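Asks: Okay, predicted coordinates and the sequence, questions at the end:
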Amino acid sequence: MRGKGLWLVFFALAGLVLATVGLVVGSADLSLHQVGEALAGRGEETVRMIVLQVRLPEVLTAAAAGAGLAASGLLMQTTFHNPLAGPGVLGLTGGAAVGVALVMLASPLWQALPVSRDLLAMAAALAGAMAVLLLITVADRRVGDGVTLLILGVMLGYLCSALISVLQAASEAGALKGFVLWGMGSFGTMGLHRLPWLLVPVAAGLLLALTLVKPMNALLVGEEHAASMGVEVRRVRRTSVWVTGLLAGTITACCGPVAFLGLAVPHVARAFLRTADHRLLMPGTILLGGTLALACDLVVRMPWAGGMLPLNAVTSWLGAPVVLWVLLSGKNWFRR
Amino acid sequence: MKEAWDPLQARDLAIGHAGNVLADRINLSLPAGELTALLGVNGVGKSTLLRTLAGLLPPMGGQVLIGGSPVQALSAHERARRMAVVLTGRPAGMLDVETVVALGRQPWTNRWGRITPADRAAVDRAFDLAAAQDLRHRTLATCSDGECQKVLIARALAQDTPVMLLDEPTAFLDLPNRAAVVRMLRGIAHGQRKAVLFSTHDLQLALDLGDRMMLLCAGGALWQGTPQEAMASGVLAQAFNGSGVVFDAATGTHRFTG
């Protein structure tokens, strides 16, 4: 346990290094000294602008979104006892996307409301993710078999994108462009003033996820055994589902439907930590999720990519091979 | 107080699920220090009875009492400190054995599941009692069915409860392993003064190694007594009547007829 704990330190350090690189590197290269000065509120006005208004929010967004998606993936994998569970696969991000599409594409409907569009999109994304989650939970009670559940999630995802297509066909060009950009995923659109809307729910979700480590461990030996060891299984499942919805919904609203991070990071964390013990795996997954998201964001911002590389392309390049490796290498932690 | 109650009792218990009563008016008592075998043909409700006693299914009527308290009135946590359960089915394979057995300490550990030296000692003792020390550093995926069963029993022992319920612990095992598991359960019941109940299809093992027997018959009647009484009373011959199995009360053995 202690030796493995060193991995957590390593993940955190790697994250800090990547975050620093993220503050330094970009369209205008700054020195470490300049960044330090800007963070302390000194130095040139333009440098301060770049660091505090653009790069710091982007770095914090990436770290928070990666950590939150990874944690929600781990919660779903354990709760549904399924290695392929994740916010994307089970249709959660699809549900959230429908909510966002309704707000962004059917804007005339909302004009009368005295709420900002961003806040509305956030609420709609949360509602969409929760709706899909509730459906999944009810279905899981009925079918109780992982493959059927996955198929259901994938089908819900298709239904959601069909619904979005209809909305897209009926919307005007400006709104459509905004929505398509959102759909590619980005950590760079939050800005300093909107940052708390992401950070506060994600921080709350991560803390709640950490309080679930003990019952999540018990669930590894099956729900009935967990119940016989003192776990209030229904309450734990419900909490896990709500926390997942809070994390995935908030992050999808802010950063778009970011692909694969939620599904893949827990597997990478298991491969490093070589344990299924959530006391180690949950913090490890959270730290690694933040770190890998920072890495993906750096790739997106590479000068040679011209800043045009969609985030989802990068996370898919990372995530899809991991999933294939899990399936083909026998590293399936849920195999009996 | 402790002597006044058998650790596990059922009063006028009705079992079943989805509104379907499988058996009712069940009165039973599991004494400490004895191994009780629960027998009955497939579908008669053995697993349902076991799960109802374990508090995993709600009773359709009547009460299950652990140490005198109704099981439904206890929190899952309180229940887990009094009764450990081993069910059929293998947990996920990449778990290592040590972790699985340590999970048995959950009702006793703090909210993060921190293992104290006292917990470590209990886990160690559980490994000894289940004769599973040699499996300690393996993963479940590398364990045979018999070894896996030992690990799950060690986990239940680590829970350190006066009552232990096991659903068909000998299913899927070969003859020597079946004997080894039941002999171990007998040793645990006698040595640790636990009330141990296991459901099984192994009539011979139940007769030879069990202290008591319960026979759940089609229609929901529950016969209880010692193996000697079971042989003498003709209840076994009756239970298997016409099924192609002949029970010989004189020798306490059964044969299959063609």
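Replies: Cool, got the structure.

Asks: Where do the helices of the stretch 51-200 of chain A begin and end?
Replies: Under the criterion DSSP state H, counting those that start in this stretch, helices of the stretch 51-200 of chain A are mapped to A:56-79, A:92-105, A:117-143, A:146-169, A:173-184, A:191-211.

Asks: Kindly report the residues of chain B close to chain A.
Replies: Within reach of chain A by C-beta under 8 Å from any C-beta of the partner chain, chain B has these residues: B:51, B:54-56, B:75-81, B:83-87, B:89-96, B:99-100, B:103-104, B:106-107, B:109, B:111-113, B:141, B:152, B:155, B:159. All C-beta spots, glycine's among them, are computed from the backbone N, C-alpha and C.

Asks: what about 6 Å?
Replies: Counting by C-beta under 6 Å from any C-beta of the partner chain, chain B comes close to chain A at B:56, B:76-77, B:80, B:85, B:87, B:90-95, B:99, B:103, B:106-107, B:113.

Asks: Just the residues you listed: which are in strands?
Replies: residue B:85 (DSSP state E).

Asks: Could you say which one of the helices of the stretch 51-200 of chain A comes nearest to chain B?
Replies: Taking C-beta to the nearest C-beta, helix A:191-211 is the member of the helices of the stretch 51-200 of chain A nearest to chain B, at 7.3 Å.

Asks: And the following helix or strand past that closest one, what does it pack against?
Replies: Using DSSP states H and E, the helix or strand that follows helix A:191-211 in sequence is helix A:213-219. Applying 3 or more C-beta pairs under 6 Å, 6 or more residues apart in numbering or on different chains; DSSP states H and E, we find helix A:213-219 packed against helix A:278-301.

Asks: circling back: export the helices of the stretch 51-200 of chain A to JSON lines and tack on mean neighbour count?
Replies: Converted to JSON lines, the helices of the stretch 51-200 of chain A look like this (neighbours: other C-beta atoms under 10 Å in any protein chain shown):
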{"stretch": "helix A:56-79", "mean neighbour count": "28"}
{"stretch": "helix A:92-105", "mean neighbour count": "27"}
{"stretch": "helix A:117-143", "mean neighbour count": "19"}
{"stretch": "helix A:146-169", "mean neighbour count": "16"}
{"stretch": "helix A:173-184", "mean neighbour count": "15"}
{"stretch": "helix A:191-211", "mean neighbour count": "17"}
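
Asks: Nearest to residue B:171, out of the ones you listed?
Replies: Closest of the helices of the stretch 51-200 of chain A to residue B:171 is helix A:146-169, at 22.9 Å (criterion: C-beta to C-beta).

Asks: The closest residue to chain B within chain A: how many residues sit nearby?
Replies: Chain B sits closest to residue A:230 of chain A, with a gap of 3.3 Å, by C-beta to the nearest C-beta. Residue A:230 is flanked by 21 other residues according to other C-beta atoms under 10 Å in any protein chain shown.

Asks: go on, residue A:13?
Replies: By other C-beta under 10 Å, neighbour count at residue A:13 equals 12.

Asks: Off-centre distance for the strand or helix carrying it?
Replies: Element membership for residue A:13 (DSSP H and E) is helix A:2-24. The chain centre lies 19 Å from the centre of helix A:2-24; the measure is C-alpha atoms, centre = their mean, to the nearest Å.

Asks: what do you get for stretch B:144-161?
Replies: 12 Å.

Asks: tell me the centre residue of chain A?
Replies: Most central in chain A under C-alpha atoms, centre = their mean is residue A:69, positioned 2.4 Å from the mean C-alpha point.

Asks: Give the PyMOL command for selecting the buried subset of the residues of chain B next to chain A.
Replies: To isolate the buried members of these in PyMOL, using 16 or more other C-beta atoms under 10 Å in any protein chain shown:
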select buried, chain B and resi 56+76+80+85+87+90+91+92+93+94+95+99+103+106+107+113
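
Asks: Among the residues of chain B next to chain A, name the ones in helices.
Replies: B:76, B:77, B:80, B:99, B:103 (DSSP state H).

Asks: Give me the pLDDT value at the residue of chain A closest to chain B.
Replies: Note for residue A:230: predicted pLDDT of 94.

Asks: Okay, and it sits in which element?
Replies: Going by DSSP H and E, residue A:230 is not in any helix or strand.

Asks: my guess is it meets residue B:78, correct?
Replies: No - judged on C-beta atoms under 6 Å, residue A:230 makes no contact with residue B:78 at a distance of 7.9 Å.

Asks: Residue 105: what's it in contact with?
Replies: By default, I'm working from chain A. A:167, A:171, A:175, A:179 (C-beta atoms under 6 Å, 6 or more residues apart in numbering or on different chains).

Asks: should've been chain B
Replies: Taking C-beta under 6 Å, 6+ apart as the test, what residue B:105 contacts is B:119, B:158.
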